[in-house]
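A.B. asks: No sequence on hand, only this structure:
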């Protein structure tokens with residue numbers, strides 16, 4: 001029983017779709033890291049500079065202040081600046097995936113049909129050249 005399950009798992013694991021999916025997940029994770037760095041280190045600093053030298057990741061609303069008494073309780077904060085960064089990350093990733101899917105769909109689209117080069121003889125229904133004046137098969141005028 002175990003050997004048949006192992007054989008079935010091996011067949012599943014080496015299928016092209018599973019390997020393609022694994023490669024996609026790995027590349028997606030790496031792409032996510034690149035986009036996070038792009039937003040955090042490249043896009044947000046100029047935006048923060050434009051809106052008054054602010055670091056969005058530091059934007060918080062303090063719900064409860066920290067206490068110095070024992071036990072020390074850290075402040076409870078609502079980190080909406082980090083959320084803004086995450087939304088920008090999402091928009092960039094979604095746009096990149098949209099552009100990728102759009103290009104893939106464009107490549108998959110069937111080419112437009114070419115102009116016909118033949119026509120059908122009205123008498124014998126044979127295919128003849130588009131500019132033919134007489135059918136080569138039944139010799140009728142077209």
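C.D. replies: Here it is on my side, so go on. Since this is a predicted model, take the numbers as computed values, not measurements. Residues are numbered from 1 along each chain as shown.

A.B. asks: can you pull the pLDDT of residue 62?
C.D. replies: On pLDDT, residue 62 comes in at 91.

A.B. asks: Now residue 67. Its backbone dihedrals?
C.D. replies: With angles defined as degrees, to the nearest 10, residue 67 sits at phi -120, psi 140.

A.B. asks: And residue 106, by the same measure?
C.D. replies: phi -60, psi -40.

A.B. asks: what's the burial count for it?
C.D. replies: 8 (other CB atoms under 10 Å). In short, each C-beta sits where N, CA and C put it, glycine included.

A.B. asks: That one and residue 99, how far apart?
C.D. replies: According to CB to CB, to the nearest Å, residue 106 and residue 99 sit 11 Å apart.

A.B. asks: what do you get for residue 86?
C.D. replies: 21 Å.

A.B. asks: quick one: which of those two has more around it?
C.D. replies: Per other CB under 10 Å, whichever of residue 86 and residue 99 has more neighbours is residue 86, with 13 against 10.

A.B. asks: Spatially central residue for this protein, please.
C.D. replies: For the chain, residue 97 is the residue whose C-alpha lies nearest the centre (CA atoms, centre = their mean; 2.3 Å).

A.B. asks: on that earlier part again, between residue 106 and residue 99, what contacts are shared?
C.D. replies: When contacts are counted by CB atoms under 8 Å, 6 or more residues apart in numbering, the set common to residue 106 and residue 99 is empty.

A.B. asks: For residue 51, give me phi and psi.
C.D. replies: According to degrees, to the nearest 10, residue 51 has phi -100, psi 20.

A.B. asks: mind checking pLDDT for it?
C.D. replies: 77.

A.B. asks: Next one: it from residue 97, what distance?
C.D. replies: Taking CB to CB, one finds residue 51 at 28 Å from residue 97.

A.B. asks: low-confidence ranges in the protein?
C.D. replies: 16 (pLDDT under 70).
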